[in-house]
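# got a structure for you, letters missing:
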């Protein structure tokens, strides 16, 4: 039931773009994206609801394809502060909420 | 709104001892979740409350684990006869009735020695 994320890890130079994918085997009601820095609690980035939508703020955006049960997080012109582990969280029927396997993102100068 | 509060932040216990963690959600958040996170892994779902009702419990939650939310406000997670494999960060999150984002506490780091 845990969503699978890809890639597992990525290293970027400042200013480069990245895409993180999240795939679930279950029909999804919503997808959440979180970023977690080492030793800290996950911080909410955005939520995408059923109906297939795209959202974004600043240089981070995401899309949700409910038919494919997939979501992607897009980071453009990455900044050093983007470093961390990114998790998707998926909500399916029954209000269960599962986190993905995580993607470690490191932005270097 | 002071955010989700978890207590204690750190707990070191000897194997075989019982431990109890507390989570105070954001007021008026009727949903409360417990997760366990080990280093390098995503948070694993343990259990979920809607108000005082425990609606879902993961198979990860063995009989040694029990969670309560007696008045629909704060929640406790108890681990009996702790094992070294229980060492992890235990995260609590709450969310309001609508399907919106979950707010996380800073977690309780448990070390079983």
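Thanks, I have it. Everything numeric here is computed off the predicted structure, so don't read it as measured data.

# pLDDT weak spots in chain B?
Chain B contains residues with pLDDT under 70 at B:1-2, B:98-100.

# interface residues of it facing chain A?
B:31, B:33, B:35, B:40-45, B:48, B:50, B:55-56, B:91, B:99-107 (CB under 8 Å from any CB of the partner chain). No exception for glycine: its C-beta is placed from N, CA and C like everyone else's.

# just the buried residues from those residues, in PyMOL please.
Those of the residues of chain B next to chain A that count as buried under 16 or more other CB atoms under 10 Å in any protein chain shown are selected in PyMOL with:
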select buried, chain B and resi 31+33+35+41+42+43+44+45+48+56+91+99+101+102+103+104+105+106+107
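
# can you list which of the residues of chain B next to chain A are found in strands?
Judged by DSSP state E, the subset of the residues of chain B next to chain A located in strands is B:31, B:33, B:35, B:44-45, B:48, B:50, B:55-56, B:91, B:103-104.

# residue contacts, residue 86?
By default, I'm working from chain A. Going by CB atoms under 8 Å, 6 or more residues apart in numbering or on different chains, residue A:86 touches A:5, A:20, A:33-36, A:45, A:73, A:102-103, A:105.

# I was after chain B.
Contacts of residue B:86 by CB under 8 Å, 6+ apart are B:79, B:110, B:112.

# which ones are touching the last one?
Residue B:112 makes contacts with B:12-15, B:82-87, as judged by CB under 8 Å, 6+ apart.

# who wins for most neighbours among those residues?
Counting neighbours by other CB atoms under 10 Å in any protein chain shown, residue B:82 comes out on top of those with 21 neighbours.

# now that one: closest residue in space that isn't a chain neighbour?
The spatially closest residue to residue B:82, leaving aside those adjacent along the chain, is residue B:112, at 4.7 Å (CB to CB, 6 or more residues apart in numbering or on different chains).

# name the residues that touch stretch A:63-75?
A:17-28, A:30-31, A:33, A:45, A:48-54, A:56, A:59-62, A:82, A:86, A:88, A:90, A:105.

# separation between the residue positioned nearest the centre of chain B and chain A?
The centroid of chain B falls nearest to residue B:34 when counting by CA atoms, centre = their mean (3.5 Å). Applying CB to the nearest CB, to the nearest Å, the value for residue B:34 to chain A is 11 Å.
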